[in-house]
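K.L.:
generate coordinates for the sequence data below:
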Amino acid sequence: MNAPTEGTLLEQSISTGIEEVVRRRRAIHSFVPGPNITQEQWHKLFELTALTPSSYNFQPWDFIVVEDQKQRADLQPLCWNQQQVMDSVAVVAVLGDKNPHRRDEQILQQFVDDGYFNDEVKQTLKGSIDVVYPDEARRIEHAVCGASLAAMTFMLVADGMGLGTAPLIGFDPKGVAEYLKVPDDYLVVMLLCVGHPSHKELPRQPRRGYEDFVHWTKFGGKA
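P.N.:
Residues are numbered from 1 along each chain as shown. Here you go, the predicted model:
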């Protein structure tokens with residue numbers, strides 16, 4: 001959609017394609033057998049997922065793709081025995097990175113190289129990281145927020161590719177992290193079951209109405 005010209009109101013419409021994807025996407029409870037996801041499809045999925053926004057562009061996410069059926073069988077008891085773990089073609093662990101400094105030099109230098117700011121501003125930003133993320137709690141928030149945004153991008157892209165996803169937060173995070181050998185400075189934020197939807201989902205559950213969750217000026221404020 002083109003940006004509105006100065007002095008005009010933004011048209012009250014959005015791209016048909018993105019509206020279709022958002023309205024169609026469901027948390028899939030029933031998968032059917034189908035072909036494995038190809039390496040080309042995985043590459044496209046993650047290439048687009050990488051465009052997710054993040055604070056400082058630090059991209060605090062990593063993913064572990066588990067396709068092997070034996071591995072998924074090992075994971076299932078750690079996921080409250082949810083059947084989607086076995087019926088999907090892969091389980092993707094979404095990891096949040098608790099170390100905001102991991103790539104700061106490389107990423108901030110790219111901003112300088114691209115003309116966003118100079119070296120002085122770069123050094124100021126490097127110094128501000130510990131102010132913005134001063135302790136473990138804030139670094140966990142950063143990791144969870146960034147990884148969750150990336151997971152949503154992943155789910156929307158997957159739907160656009162004809163795949164279904166089921167985000168799981170019902171699992172043993174310590175057990176899953178140990179099984180997947182996740183380093184201590186990462187969190188397993190969620191698991192995504194990815195596969196071929198049966199298209200037998202029950203009707204979507206109602207969502208809260210616009211007036212119920214949108215506030216203006218202050219909490220409880222009306223338009």
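K.L.:
longest helix anywhere in this structure?
P.N.:
Scanning the chain for the longest helix, with DSSP state H as the assignment, gives helix 136-160.
K.L.:
and it, what's buried?
P.N.:
By neighbour count on 16 or more other Cβ atoms under 10 Å, the buried set for helix 136-160 is 139, 142-144, 146-151, 153-160. Just so you know, the C-beta spots here come from the backbone N, C-alpha and C atoms, and that holds for glycine as well.
K.L.:
average pLDDT across the helix or strand hosting Val131?
P.N.:
Mapping Val131 onto the secondary structure by DSSP states H and E places it in helix 119-132. Averaged over helix 119-132, pLDDT sits at 95.
K.L.:
can you give me the angle it makes with helix 136-160?
P.N.:
With axes from the mean of the first three to the mean of the last three Cα atoms, to 10 degrees as the criterion, the two stretches helix 119-132 and helix 136-160 enclose an angle of 110 degrees.
K.L.:
quick one: helix 119-132 to chain centroid distance?
P.N.:
26 Å (Cα atoms, centre = their mean, to the nearest Å).
K.L.:
try stretch 68-82
P.N.:
The chain centroid and the centroid of stretch 68-82 are separated by 21 Å under Cα atoms, centre = their mean.
K.L.:
span of that stretch from start to end?
P.N.:
One end of stretch 68-82 to the other measures 17 Å (Cα to Cα, to the nearest Å).
K.L.:
buried stuff in that stretch?
P.N.:
Buried, per 16+ other Cβ under 10 Å, within stretch 68-82: 72, 75-76, 78-79, 82.
K.L.:
ok, now stretch 36-46?
P.N.:
Applying a neighbour-count criterion of 16+ other Cβ under 10 Å, one finds 37, 41-42, 45-46 buried in stretch 36-46.
K.L.:
can you list contacts of it?
P.N.:
63, 65, 67, 89-90, 154, 157-158, 161, 163, 194 (Cβ atoms under 8 Å, 6 or more residues apart in numbering).
K.L.:
quick one: which of the residues you listed is most hemmed in?
P.N.:
Looking at these with neighbours defined as other Cβ atoms under 10 Å, the largest count falls to Val194 at 27 neighbours.
K.L.:
find the nearest non-adjacent residue to that residue, please.
P.N.:
Ranked by Cβ to Cβ, 6 or more residues apart in numbering and with sequence neighbours excluded, the top spatial neighbour of Val194 is Ala90, at 4.9 Å.
K.L.:
and what of Tyr186?
P.N.:
Leu95 (4.5 Å).
K.L.:
name the helices or strands packed onto the helix or strand hosting that neighbour?
P.N.:
Using DSSP H and E, Leu95 sits within strand 90-97. Helices and strands touching strand 90-97, by 3 or more Cβ pairs under 8 Å, 6 or more residues apart in numbering; DSSP states H and E, are strand 61-66, helix 136-160, strand 186-197.
K.L.:
helix or strand right after the last one?
P.N.:
What it means is strand 186-197. Following strand 186-197 in sequence order, the next helix or strand is helix 210-213 (DSSP H and E).
K.L.:
over to the first one?
P.N.:
Past strand 61-66, further along toward the C-terminus, the next helix or strand under DSSP H and E is helix 69-75.
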